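Participant: here is a sequence together with a model predicted from it:
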Amino acid sequence: MASSQKLVKNKRSVTGDKDRSRRFNDSRFLIRILVGIVLVGSIAVVFGWIFDVTVLKSILPKFVAMKFITALSFFFSSILVLLLAKKGKGEISKLFIIIISSTLLLLMTIFLVSFFWGFTTGLENLFVQELPGAIHTIIPGLPAVPTLIGFLLISLSGLVFSFNPQKPWGIFFFGLLISLIGVVAIVGYLFDIPMLYYSFSGYTPIAVNASFLFILLGVSLILFGSEHK
């Protein structure tokens, strides 16, 4: 009797492990799709700046353009999330997670400090020059404050994983906050409520395409974090 009960428990355990493995594989597949869209979107904006294609930079001429540095940050953030989805397997992957996360954290912190202290760093237009007077833009080339915060949260997700890859607490909640930044902004654009896409006096609003990409990256981190809650 005892042996039969033990056998049943073992079967349930094996079935449970298979179900968890299947769910994780499904999550990783969905993460790849979402991150793939972000990669394509970021590259499209880069080409938009290089070849001056408005629709790639801002969707519509009346909208604020996604900054070039924002597009680059989305590109590297996508790579970071892909590496996280692979659980940072291999020393090279772990090294890239640390490098990308640390670089994003440093850059976004510098940009936030420069904005609130009222000076420019020269990094804003290091690669591509945004001319003064750009639509809804306070400092040419400088991403919106919510954009900077979004990338800070992404960088923290990478660093949290680096310090504790087995139990990366917080990534799920970082993903929620990142998604929330994007969702609120999209609602603002849909219903023409400037306050919701963070359009305040003296502040550059978040770009509509950046809002959408943040939702995708946020959902990706939620999927990844849910496996480790």
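Facilitator: Ah, there it is.
Participant: now stretch 75-88: buried residues?
Facilitator: Buried residues in stretch 75-88, counting neighbours by 16 or more other Cβ atoms under 10 Å, are found at 75-85, 87-88. Placement of C-beta: from N, CA and C, glycine included.
Participant: CSV please, covering the residues you listed and showing distance to A134, pLDDT and secondary structure.
Facilitator: Conversion of those to CSV gives the following (distance: Cβ to Cβ, whole Å; pLDDT from 0 to 100; DSSP: H, G, I helix; E, B strand; the rest coil):
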residue, distance to A134, pLDDT, secondary structure
F75, 21, 98, helix
F76, 24, 98, helix
S77, 23, 98, helix
S78, 25, 98, helix
I79, 28, 97, helix
L80, 28, 97, helix
V81, 29, 97, helix
L82, 32, 95, helix
L83, 33, 95, helix
L84, 34, 93, helix
A85, 35, 89, helix
K87, 41, 77, coil
G88, 38, 64, coil
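Participant: how about I222, what does it touch?
Facilitator: F172, G175, L176, S179 (Cβ atoms under 8 Å, 6 or more residues apart in numbering).
Participant: which one of these is nearest to G150?
Facilitator: G150 lies nearest to S179 out of those, by Cβ to Cβ, at 9.6 Å.
Participant: in the strand or helix carrying that closest one, which residues are buried?
Facilitator: Using DSSP states H and E, S179 sits in helix 171-190. For helix 171-190, a neighbour-count test (16+ other Cβ under 10 Å) marks 171-172, 174-176, 178-179, 181-186, 188-189 as buried.
Participant: just want the angle from the helix or strand following it to helix 171-190.
Facilitator: Next helix or strand after helix 171-190 toward the C-terminus (DSSP H and E): helix 208-226. Counting by axes from the mean of the first three to the mean of the last three Cα atoms, to 10 degrees, helix 208-226 lies at 160 degrees to helix 171-190.
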